[in-house]
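1. Sharing a sequence plus its predicted fold:
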Amino acid sequence: MRTKTSNKVVDVLLREKLIAVIRASTAEQAARAVEAVAEGGITCIEITMTVPGGISVLGELARSGMNLHIGAGTVLTPREVDECVKAGAQFIVSPCCCLDVIAQARRHNVVSIPGAMSPTEILTAWEMGADMVKVFPASVLGPSYLKAVRGPLPQIPLVPTGGITADNAGKFIHAGAAMVCAGGWLVNKEAVAEGHYEILTERARQLLNAVRKARLEVS
């Protein structure tokens, strides 16, 4: 039988409705990107395990005293769940429906957000104990797909990820998204490579404003 994770982080994520997904070529770039998007007002941060030394970055952020909620992304194995939770991860995100990852996250009583595309995958992830389900890739599926899936599965909090921008984030919220995850547009590779982190801060503000506006419109 499905049970809910006893974790206040679920409530925080649902309230904030926005996670910044940090992918970068180096640990230093990742850390600076976090500072930049945090300056723009985003408090929920996902460090992907594709970042070199990603677990160390996650751990440093968890110990930094910054008012952030830190999670781990691109988590594919139970062992990675263990390592990320030990480092301080408050939520675990996967790109696909990894059932053993969901189970391990629940053993640690941390929030589980597996990825899925089809209604069958979405329902399977939910029944196995996911707290939310990441609908990926959102840029391919679009808001209309999310709205259609919400029809028969309204009980499942859906989190569109992939191609989220300030221009379309509100459309996904209107379509019924519990929250959105933004990565590539927000943490622009060219801006990071050239050291223009102020671009990330400005995009974070734009994205946050778009999400807040949509929240007011659907409330």
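-> Happy to help now that I have it.
2. Tell me the buried residues in the longest helix seen in the chain?
-> Ranked by number of residues, the top helix in the chain under DSSP state H is helix 197-218. By 16 or more other Cβ atoms under 10 Å, the buried positions in helix 197-218 come out as 197, 199-208, 210-212, 214-215. Glycine gets a C-beta too; all of them are placed from N, C-alpha and C.
3. What helices and strands are in contact with the helix or strand of the chain with the lowest mean pLDDT?
-> Using mean pLDDT, DSSP states H and E, the weakest-scoring helix or strand in the chain turns out to be helix 8-16, at a mean of 93. Under the contact criterion of 3 or more Cβ pairs under 8 Å, 6 or more residues apart in numbering; DSSP states H and E, helix 8-16 touches strand 44-48, strand 69-73, strand 111-113.
4. Can you name the residues that contact the residue nearest to A116 when sequence neighbours are not counted?
-> By the measure of Cβ to Cβ, 6 or more residues apart in numbering, the closest residue to A116 outside its immediate chain neighbours is I122, 4.5 Å from it. I122 is in contact with A116, V133, V135, V149, L153, I156, L158, counting by Cβ atoms under 8 Å, 6 or more residues apart in numbering.
5. Apply 10 Å and report the result again.
-> Counting by Cβ atoms under 10 Å, 6 or more residues apart in numbering, I122 makes contact with C97, P114, G115, A116, A130, V133, K134, V135, V149, L153, I156, L158.
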